[in-house]
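**Q** turn this into a structure:
(2 chains)
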Amino acid sequence: MLSPMVERSWHVNGTLATVAFAADARLLDVLRDTLAMTGAKEGCGEGECGACSVVVDGELRVSCLQLAAALPDGTTITTAEGVVHSTTGERLRRMMLDRGGVQCGFCTPGMMVAAWWYLETKPPIDARTALAGNLCRCTGYQSICEAVEAAANAEERMG
Amino acid sequence: MATASRYSGQSVSRVDSLGKAGGATRYVRDLVAADAWVGAAIRSPVAAGRVRGLRVDPAFDRSRIVLVEPHEIPGENTIAFIQRDMPCLATSEVRYLGEPVALVAAPDRETLAAALAAITADVEPQTPFVGIDAVAEAMRRDPASLHDLYALTISKGDVTRGLAEADAIVEGEYLTAPQEHAYLEPQAMAATPRPDGSLRIFGSLQCPYYVQPSVALALGLEPQRVIVEQCATGGAFGGKEDFPSIIATYAALLARKSGRTVIIDFDRQVDMAMTTKRHASYTRLSVGVTRDGVITAIDADFTIDGGAYVTLSPVVLSRGSIHLAGPYRTPHVQVRGRAVRTNAMPAGAFRGFGAPQAIFAIESHLDRVAHAIGMDPLLLRRRNLLRIGDTTATGQTLTDSVAIEACFDAVVERSDFDARRARVQAQRRDDAARSASGLGFALFWHGGGFTGSGEKKLASRCAMSLDRDGSVTILAANTEFGQGAQTTLPQIAADALRVPLDRVRYPLPNTAHVPNSGPTVASRTTMVVGKLVELCAYALVRDIEQRLGATRHDDGFALGDQVITWYDAAARACLDGPIRVEQQYQLPPGLHWDDDQHRGDAYPAYSWGAIAAEVEVDRATSDVACTHVWCTVDIGTVINPREARGQVEGALAQALGWALLEQVSYTPEGRVREDRFQTYIIPTTSDMPRMDVTFVEAPWHGGPFGAKGLGELPMNGLAPALHNAIRDAVEAAVARLPMSPERIDAARHAARRSR
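**A** Residues are numbered from 1 along each chain as shown, chains lettered A, B, ... in the order given. Okay, the predicted model is just below:
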């Protein structure tokens, strides 16, 4: 049986987007299928791997566990596609390249989102802890953590 | 030809990282059109039995789906690997739980789910035989009861005599669990039928030229009518070496019948339950040693659980058996290898390919041997180390590029091993401390390229083309799935051609355009295909020289008394269109291998490594925290230090997971218990130690600019180093992976009782 459709207007990566989707759709599906933003990846579908991470109203979320209809009009959503176009995201991307934080790339968008959230919101934890919810099977994490720490240090120096 | 290295040895930026970091890179799920159909297999609900047929709910509307049954397979009902024992769809016997008996495709996922609920396999169940514990028990009580998928013996000297010459014989048993690859992108392959009856196959894969013949055989097509394209691939580690051939064949059968693009993309649970794993292993060792630490004999039974069908088990068994004796010059060795059949999903390729299991056994065991004769385990190892001029267990005399001792020294120095060991021992005497520290060490090696005559049989071909604008394209079937091949092969090409790196392109392979340069496996991409790329570059330069009557110089080409640039030369040479050159790989001369006896030069070159690991074991809970790892490897010339470091660190994470966290087990009925990330635990940032990774370079004359194999090597050493560190910390050995807190706890209690 098809779920009824709902409509929402969100600020996605700084642009107002009005989207219609099934009432039982996950945010991940809406991003990928409706908005054609395929940066968020489905690695497990149960909130364990973090490959679908996005920032919703300033909070880091896994979009596979987020019911899209539960996000009201006016919600602000930042995805990997938005992250790289920010100053912090651009710095982070440079550091990820420099330290070798990218291999197969499938976890990378989610990793970028989580790292961006860490750099933007500055919670009182280290980078390693901030990224503990994002699985990577390629790098062993050291290069990624170094990249995020380097981006944080660069920010401090500039700030 | 002498060539100045401008890019090789430099950490040039990955060509694929900009797209990947921004989420722009498209994987197969991101590419498939919205109107594509989705496919799946109808699977056996039991691990052993006789197929009676399909049960179809009469209320289900079959007009909305396509169903493919075995009799509709136009070609051979086989998935072709080493043997043709595995059916594409089971028709009589079912050998593992989940074995496909039919295929279904639907226009959307809801309909597909409804079809899978309505159409089920009817199988008369029999009693399955599953799990490494059952295999080990059979090996102890009644080894003849086991069914061999493949068996071999490796012999050097006279092992009976070697054991007789020993002052002590130390025996032991080691078990390892299956390991899931846990690539972040689950398996996904798609097929599009084309009007002329040919097929386009695309998806997440390692080996386009494995997929092509497999699909062609089942579809009854000429291989060249099956065009295979690799999409960006989100991790593989061997898991996408053999398996994509299976689901590509399924997608192709469904696409042919439906007339539509069909994608088969697993969710994580199906992926974990239904795809290949690293072979579980059971190793029994008797090692003879003299009082002063000379190893006289290694006698081993190396048994791996191959699962239901042969697939790649013979070559996994061969590589594991060859590596079992470790990097030591032991005069008398016998390894009796068996890959046995069970009612589990066939085991498959996984980074290391049998070597990690074998090296876990011998390197864990050597600490016990050292303990038995009261010798420092490092000294025991040093006393028996392979050096140039020594022979391996297969009788191969090592002639060059052996830097195991330099790796050994580097790890001892960088970890400050002796002082650290003293500190660790002092810490353990503090009974009030919450945890006990331990320090472990291991040596390891890995042969690059296919085993024995494998590279000769492959006869890989690589091509290179030059366009009028001076740009060069590498035409190879080798794939990028994270390891950095799309960056390192162009580095080699640019150096050999003496052109700027940005002039060299290396697109993801498509069998319509690239020759068969062999699979992207066996640590062969840099070492073997890289050499082919280098040779193609020289051939291309010669071709230009001949066409123009010119001579290559650093600044361009000397043409009479003038010098023209690379770009001028390209424009002139390509007047009639692009130039293409092709080269075929040849093993360096003088290598001999006997396939029947498993004797001779097993690999053209070996890579070497040493590793130390420090752990803290919680005295109350037996939780293990690995705090530091020092790892030094010799991979010959390092083409891209940043990416090489990434390979080592990533492999160390997989090895740590295999050693401490990752458990695949089967219920008595043959179902995988750990089929999701909630129950199958891979390392996160919080599990990983500080890793100190360094390289020593012993260039190999046969590799591109001296490079050897890398990808698998660093998978081989950490598990035994952790075993030895935990043993050091708690004075109890856990000879079984994963070394979970429960097992460590049990071992500590057993050790306490026996004291």
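**Q** do you know how far the residue nearest to B:Pro107 when sequence neighbours are not counted is from B:Ile264?
**A** Leaving out its chain neighbours, the residue that sits closest to B:Pro107 by CB to CB, 6 or more residues apart in numbering or on different chains is B:Trp37, at 5.5 Å. From N, CA and C alone the C-beta is placed, and that goes for glycine too. Distance, B:Trp37 to B:Ile264, using CB to CB, to the nearest Å: 10 Å.
**Q** same check, this time on A:Ala36
**A** From A:Ala36 to B:Ile264 the distance is 22 Å (CB to CB).
**Q** more neighbours: which of the two?
**A** B:Ile264 (27 against 9; other CB atoms under 10 Å in any protein chain shown).
**Q** show me what contacts B:Ser145?
**A** B:Ala138 (CB atoms under 8 Å, 6 or more residues apart in numbering or on different chains).
**Q** hmm, back to that, find residues that contact each of B:Trp37 and B:Ile264.
**A** What both B:Trp37 and B:Ile264 touch, as defined by CB under 8 Å, 6+ apart, is the set B:Leu254.
**Q** now residue 54, which residues is it bridged with?
**A** No chain in the question, so chain A it is. A:Arg61 (DSSP bridges).
**Q** wrong one, I was asking about chain B
**A** Under the criterion used (DSSP bridges), B:Leu54 bridges to B:Ala121.
**Q** tally of neighbours for it?
**A** 14.
**Q** so how far is B:Val521 from it?
**A** On the measure of CB to CB, B:Leu54 and B:Val521 end up 36 Å apart.
**Q** now swap in B:Ala620 and tell me
**A** Applying CB to CB to B:Ala620 and B:Val521 gives a distance of 44 Å.
**Q** who's more crowded, the two?
**A** B:Val521 (26 against 8).
**Q** which ones are touching that one?
**A** B:206-207, B:238, B:241, B:349, B:353.
**Q** show me which of those residues are buried.
**A** With neighbours counted using 16 or more other CB atoms under 10 Å in any protein chain shown, the contacts of B:Val521 contain these buried positions: B:206-207, B:238, B:241, B:349, B:353.
**Q** possible to save the residues you listed as TSV with pLDDT and secondary structure?
**A** TSV is the format used below for these (pLDDT from 0 to 100; DSSP: H, G, I helix; E, B strand; the rest coil):
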residue	pLDDT	secondary structure
B:Gln206	98	coil
B:Cys207	98	coil
B:Gly238	98	coil
B:Glu241	97	coil
B:Ala349	98	coil
B:Phe353	98	coil
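**Q** among these, which two are most distant?
**A** B:Cys207 and B:Phe353 (13.8 Å; CB to CB).
**Q** tell me how chain A divides into domains.
**A** Listed by automatic domain parsing, the domain ranges of chain A are A:5-80, A:83-158.
**Q** just give me how far the first one sits from the chain centre.
**A** By that I understand domain A:5-80. 10 Å (CA atoms, centre = their mean, to the nearest Å).
**Q** repeat for the last one
**A** A distance of 11 Å separates the C-alpha centroid of domain A:83-158 from that of its chain, computed with CA atoms, centre = their mean.
**Q** distance between the ends of it?
**A** 19 Å (CA to CA, to the nearest Å).
**Q** about what we covered before: okay, the domains of chain A, which one's buried deepest?
**A** Highest mean neighbour count among the domains of chain A (mean count of other CB atoms under 10 Å in any protein chain shown): domain A:83-158, with a mean of 22.
**Q** what sits against the spatially closest residue to B:Met375 that is not a sequence neighbour?
**A** Counting by CB to CB, 6+ apart, B:Met375 lies nearest to B:Gly293, which is 4.9 Å off, once chain neighbours are set aside. Taking CB under 8 Å, 6+ apart as the contact definition, B:Gly293 lies against B:370, B:373, B:375, B:379-380, B:383-384.
**Q** can you check B:Ala613 too?
**A** B:Ala613 touches B:439-441, B:626, B:628-630, B:689, B:718, B:721-722, B:724-725, counting by CB under 8 Å, 6+ apart.
**Q** save the residues you listed as a markdown table, and put in neighbour count too.
**A** A markdown table is the format used below for the contacts of B:Ala613 (neighbours: other CB atoms under 10 Å in any protein chain shown):
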| residue | neighbour count |
| --- | --- |
| B:Leu439 | 22 |
| B:Gly440 | 25 |
| B:Phe441 | 28 |
| B:Cys626 | 25 |
| B:His628 | 16 |
| B:Val629 | 30 |
| B:Trp630 | 26 |
| B:Pro689 | 21 |
| B:Leu718 | 34 |
| B:Ala721 | 34 |
| B:Leu722 | 31 |
| B:Asn724 | 26 |
| B:Ala725 | 31 |
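**Q** need the residues you listed in a markdown table (columns: secondary structure).
**A** Shown next, in a markdown table, are those (DSSP: H, G, I helix; E, B strand; the rest coil):
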| residue | secondary structure |
| --- | --- |
| B:Leu439 | strand |
| B:Gly440 | strand |
| B:Phe441 | strand |
| B:Cys626 | strand |
| B:His628 | strand |
| B:Val629 | strand |
| B:Trp630 | strand |
| B:Pro689 | coil |
| B:Leu718 | helix |
| B:Ala721 | helix |
| B:Leu722 | helix |
| B:Asn724 | helix |
| B:Ala725 | helix |
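**Q** much appreciated, bye for now.
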